[in-house]
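**Q** Build me a model from this:
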Amino acid sequence: MDPAETGRLPVGEERSDSLTRRARWKSVAVATAAVVTPMAIGLWSTAYPHVVEAAFDRLTAAVAEYWPLVLLFTAAAGLAGLLPGAALLARARRESAVLKRLEESFSSAVVREDAYLIRTEDVDDRTPGGEPVAGLPLRYLESPADSADVTVFQSGIGLDARDFRPAMQLLQGRHTVALTQLGFDKRDSADPSFRPASLDTSALTFLTGLDLCRRLGGGRPLRTVLFSSAADLLLYAAVHYPDRVRELGMSEAVLLDPNVNRRTTTISRALADSAGRNRVKAMLEVVNSAAEAPEHRQESLLRHYCRYAAVNLDKDLERVVLHATDIARYWDVEGHVKFLDHLGALCDSVPSVRVVLSGDNLDLATDLLRSARRRGLHSTVRAARGSHFEMLDPEYVRALVDSP
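**A** Numbering: from 1, shown residues only. As a prediction, the model looks like this:
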């Protein structure tokens, strides 16, 4: 029924009105007491002055007799008032110190973004595919620190330096740099200056990035941690440009799940097969390739492949597909003789080489380790527990870098 018909307010408004009336009566009572009480005291003291004088004399005598207790009580009351303030001050100082440490920690873990414009002499004018790269930005992230060496990261096909930002923030106290392969940053996808690059050009610009890292570190040794096709680029460069690799002065190369043969080029082949298709169909090829993995790995891979597909929707798909096609063709072999040849060339230029394959390739890792030992290579080969993309986990990367 309508309130106007009943003459009553709704329940909520009725309760609110009741509270308002109570507050009003309380205000009136307090104001009345504040006026009446002093008047009553004044009238009483005027009418009975002897009573007031007697009470004052008794109070004075009590203070004179028990002044130590009065002093003690007063001091205790004062101390009781000071203690909370002192406690708050101490707490504020502790919190300030914590904030200062956090600020110092944050400043030491700052990751800045920058870009280097490639010069003609960086690639020795060698662009076999005819793609000009001079003047194009080579984008990277850097977290400077006064460490003994510089740790360099680079990710795989269609990915970029942001994959390693969380790991860089964890690696406080280490000078770290994460490179983005030329043209794989989404900001470059709409730039007509970026043309699909050949495998050779990609390797040369990759070496340019490593040389940039060497200069950023003031000539300190480089430790490279390269994921997937980025590891392929270093293996390719070790065979085709060994002098340039040696000139970099790398102390260690860690290859995270590099391609070994046709078996390991699952994503590259899926992208290569999508050539000429639109973005959605091309990415669906990648997602569907999860079905090629062992059944117990398929669900995990599907989640990672979906994320990978979402990231690459913003990239220069033509460039991504061409690079994937080149990688798939380069490693379209059976066995692992070609890989061991490339690994041997890398061991000739870098004193320490570690190969870490994903958990899906445990049997392949075992075969590679035996073959590498038979060849006398000083590299180590092992398999991780996780799948391909799980090797980008920040905690895993930090443990990998911190381990000898």
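**Q** For the stretch 301-404 of the chain, which segments count as strands?
**A** 353-357, 380-383 (DSSP state E, counting those that start in this stretch).
**Q** what's the answer for the stretch 151-300 of the chain, then?
**A** Counting by DSSP E, counting those that start in this stretch, the strands of the stretch 151-300 of the chain are 175-179, 222-227, 250-256.
**Q** so where is the stretch 301-404 of the chain shaky, pLDDT-wise?
**A** Within the stretch 301-404 of the chain, the segments meeting pLDDT under 70 span 404.
**Q** Residue 380 contacts residue 365, correct?
**A** No. With contacts counted by CB atoms under 8 Å, residue 380 stays clear of residue 365, the gap being 10.1 Å. C-beta coordinates here come from the backbone N, C-alpha and C atoms, glycine included.
**Q** Touching both of these two, which residues are there?
**A** residue 355 (CB atoms under 8 Å, 6 or more residues apart in numbering).
**Q** Neighbour count: those two, which is higher?
**A** Legend: neighbour count by other CB atoms under 10 Å for residue 380 and residue 365, higher for residue 365 (19 against 14).
**Q** Show the contacting residues for the more buried one.
**A** Neighbours of residue 365 in contact, by CB under 8 Å, 6+ apart: 355, 357, 381-383.
**Q** and the gap between the closest residue to residue 148 other than its chain neighbours and residue 325?
**A** Counting by CB to CB, 6 or more residues apart in numbering, residue 148 lies nearest to residue 220, which is 6.8 Å off, once chain neighbours are set aside. Here the criterion is CB to CB, to the nearest Å. By it, residue 220 lies 37 Å from residue 325.
**Q** same question, residue 209
**A** The value you get for residue 209 to residue 325, if CB to CB is used, is 22 Å.
**Q** ok, back up a step: now, of the strands of the stretch 151-300 of the chain, which is deepest in the fold?
**A** strand 175-179 (a mean of 27; mean count of other CB atoms under 10 Å).
**Q** helices and strands around that strand, which ones?
**A** Here strand 175-179 touches strand 137-143, strand 150-154, helix 165-170, helix 199-216, going by 3 or more CB pairs under 8 Å, 6 or more residues apart in numbering; DSSP states H and E.
**Q** what is the orientation angle of that strand with helix 199-216?
**A** Between strand 175-179 and helix 199-216, the angle comes out at 160 degrees (axes from the mean of the first three to the mean of the last three CA atoms, to 10 degrees).
**Q** so where's this protein shaky on pLDDT?
**A** In the chain, residues with pLDDT under 70: 1-109, 124-131, 404.
**Q** switch the cut-off to 50
**A** 1-20, 23, 85, 99, 102-104, 106-108 (pLDDT under 50).
**Q** residue contacts, the residue nearest the centre of it?
**A** Central residue of the chain (CA atoms, centre = their mean): residue 166, 2.0 Å from the mean position. Residues in contact with residue 166, defined by CB under 8 Å, 6+ apart, are residue 394.
**Q** Distance-wise, check it relative to residue 268.
**A** Distance from residue 166 to residue 268, by CB to CB: 25 Å.
**Q** Check residue 191 too.
**A** From residue 191 to residue 268 the distance is 24 Å (CB to CB).
**Q** repeat for residue 123
**A** Per CB to CB, residue 123 is found 24 Å from residue 268.
**Q** Touching, residue 398 and residue 169? I think so.
**A** No. Look at residue 398 against residue 169 with CB under 8 Å: they stay out of range, at 9.6 Å.
**Q** In the stretch 251-400 of the chain, mark out all the helices, start to finish.
**A** Ranges of helices within the stretch 251-400 of the chain are 266-273, 279-288, 295-312, 317-330, 337-349, 362-375, 394-402, based on DSSP state H, counting those that start in this stretch.
**Q** tell me which residues in the second one are buried?
**A** Within helix 279-288, the residues that qualify as buried by neighbour count (16 or more other CB atoms under 10 Å) are 282-287.
**Q** quick one, domains of this structure?
**A** Structural domains assigned to the chain are 11-104, 116-402, following automatic domain parsing.
**Q** Out of the ones you listed, which one sits most buried?
**A** domain 116-402 (a mean of 19).
**Q** how close does the closest residue to residue 367 other than its chain neighbours get to residue 204?
**A** Nearest residue to residue 367, sequence neighbours excluded (CB to CB, 6+ apart): residue 336, at 6.7 Å. For residue 336, the distance to residue 204 (CB to CB) stands at 26 Å.
**Q** what does residue 148 give?
**A** Going from residue 148 to residue 204 by CB to CB gives 28 Å.
**Q** One more: residue 352?
**A** Distance from residue 352 to residue 204, by CB to CB: 24 Å.
**Q** what does residue 315 give?
**A** From residue 315 across to residue 204, the span is 21 Å (CB to CB).
**Q** Also residue 320?
**A** Taken as CB to CB, the span from residue 320 to residue 204 is 19 Å.
**Q** just residue 268 next, same as before
**A** For residue 268, the distance to residue 204 - CB to CB - is 20 Å.
**Q** Would you mind listing the residues in contact with residue 111?
**A** Here residue 111 is in contact with 141-143, 165, 168-169 (CB under 8 Å, 6+ apart).
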